[in-house]
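Novice: Sequence and computational prediction follow.
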Amino acid sequence: MNAVLLAGGKGTRLQPFTATFPKPLVPLDDTPVIEVLIQQLAHYGVGELTVVTGHLAELIRAFLGHGERFGIRINYLKEETPLDTAGCLGLLDRPPEPFLVMNGDLLTTLSFSRMMTFHRQHRPLATIAAYQRNVKIDLGVLEISDDGSLRDYIEKPTHEFFVSMGIYCFEPRVCDFVQPGERISMPSLILRLRDAGETIMCYREDCYWLDIGRPDDYAQAVEEFRGDRSRFLPWKEAKLAA
């Protein structure tokens, strides 16, 4: 199985932690975020990984090397100018089979192999990992008709919706939808595929997920990983305990 890991962002929302380190190298306790993800990818059957770099690319390359210590082959694709979250697909050597693309700044327990199995069973052009979020509104919410009359009054409701986890499965021909050097975000690419009449599926799984975008997210990620790292790397912790 092949995968692409996006690690080229500047991490401006995570300052000051990213002043001297690229965001994927910030540590969760004693293990960088990107190392946790790579260990998970290797465990779930990824044999070849392309790491997309940009900001402080040399630090990421120096830390990861070619992947020998992870049991995975690592290649690098450096964006000389930022191409957003999907532009790298226009520069990628087309993989021979369906492949994963994921952000390098998240913490999750998602099974990448189960997601890939789902994708292979349905064979859409793209599959998006979807996570259910529940947001409580700490106010009384009014539903009002156009004429001003009250339809409903809901005290402190909880809204449920699905968000993208920043993890995708693609068929190789997705690369045809991005021009070399084109700057395009992943949401824009997904909508481009939809508008072209392509099938897009969403994969849901009961798992943990956190986007490490802001300092409070990072603090939560450190707390979660430090408190129970076996939740995220159970196979590794089992070996250490043996």
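Specialist: Received, thanks.
Novice: pLDDT below threshold where in the protein?
Specialist: 11-19, 237-242 (pLDDT under 70).
Novice: pull the longest helix from it.
Specialist: Ranked by residue count under DSSP state H, the longest helix found in the chain is helix 215-227.
Novice: Can you give me the buried ones in it?
Specialist: With burial defined by 16 or more other C-beta atoms under 10 Å, the residues of helix 215-227 counted as buried are 217-218, 221-222, 224-225. (Glycine included, C-beta is placed from N, CA and C.)
Novice: Kindly indicate which of those lies nearest L142.
Specialist: D217 (31.7 Å; C-beta to C-beta).
Novice: Check the contact between that closest one and D211; I expect there is one.
Specialist: Yes - contact criterion C-beta atoms under 8 Å: D217 and D211 qualify, at 6.4 Å.
Novice: if we can go back for a sec, identify the residues contacting the longest helix of the chain?
Specialist: 14, 17, 26-29, 31, 33, 36, 107, 208, 210-212, 231-232 (C-beta atoms under 8 Å, 6 or more residues apart in numbering).
Novice: How about stretch 119-126?
Specialist: 98, 127, 168-171, 173-174, 190, 193, 198-201, 203.
Novice: In the longest strand along the chain, which residues are buried?
Specialist: Longest strand in the chain, counting residues (DSSP state E): strand 158-170. Of all the residues in strand 158-170, those buried under the rule 16+ other C-beta under 10 Å are 164-170.
Novice: one step back: distance to K136 for the buried residues of helix 215-227 - can I get that in TSV?
Specialist: Converted to TSV, the buried residues of helix 215-227 look like this (distance: C-beta to C-beta, whole Å):
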residue	distance to K136
D217	18
Y218	23
A221	22
V222	25
E224	21
F225	26
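Novice: which one of those is nearest G65?
Specialist: F225 (22.8 Å).
Novice: about what we covered before: how far off centre is the longest helix of the chain?
Specialist: When distances are taken as C-alpha atoms, centre = their mean, to the nearest Å, helix 215-227 is centred 17 Å away from the chain's centroid.
Novice: I'd like the next helix or strand past the one helix or strand L37 maps to.
Specialist: Assigned by DSSP states H and E, L37 falls within helix 33-43. Where DSSP H and E defines the elements, the next helix or strand beyond helix 33-43 is strand 48-53.
Novice: Which residues does that following strand contact?
Specialist: Counting by C-beta under 8 Å, 6+ apart, residues outside strand 48-53 touching it are 2-8, 22, 34, 38, 41, 60-61, 64, 67, 72-79, 88, 92, 104.
Novice: Report the distance from it to the chain centre.
Specialist: On C-alpha atoms, centre = their mean, the centre of strand 48-53 falls 13 Å from the chain's centre.
Novice: now that strand and helix 33-43, what's the angle there?
Specialist: 160 degrees (axes from the mean of the first three to the mean of the last three C-alpha atoms, to 10 degrees).
Novice: would you put the C-alpha positions of strand 48-53 in CSV?
Specialist: Provided in CSV are the C-alpha atoms of strand 48-53 (Å, rounded to 0.1, in the frame of the first residue of the first chain):
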residue,chain,number,x,y,z
GLU,A,48,6.1,3.1,0.4
LEU,A,49,5.5,6.6,1.7
THR,A,50,6.0,9.9,0.0
VAL,A,51,6.5,12.8,2.4
VAL,A,52,5.6,16.2,0.9
THR,A,53,7.9,18.9,2.3
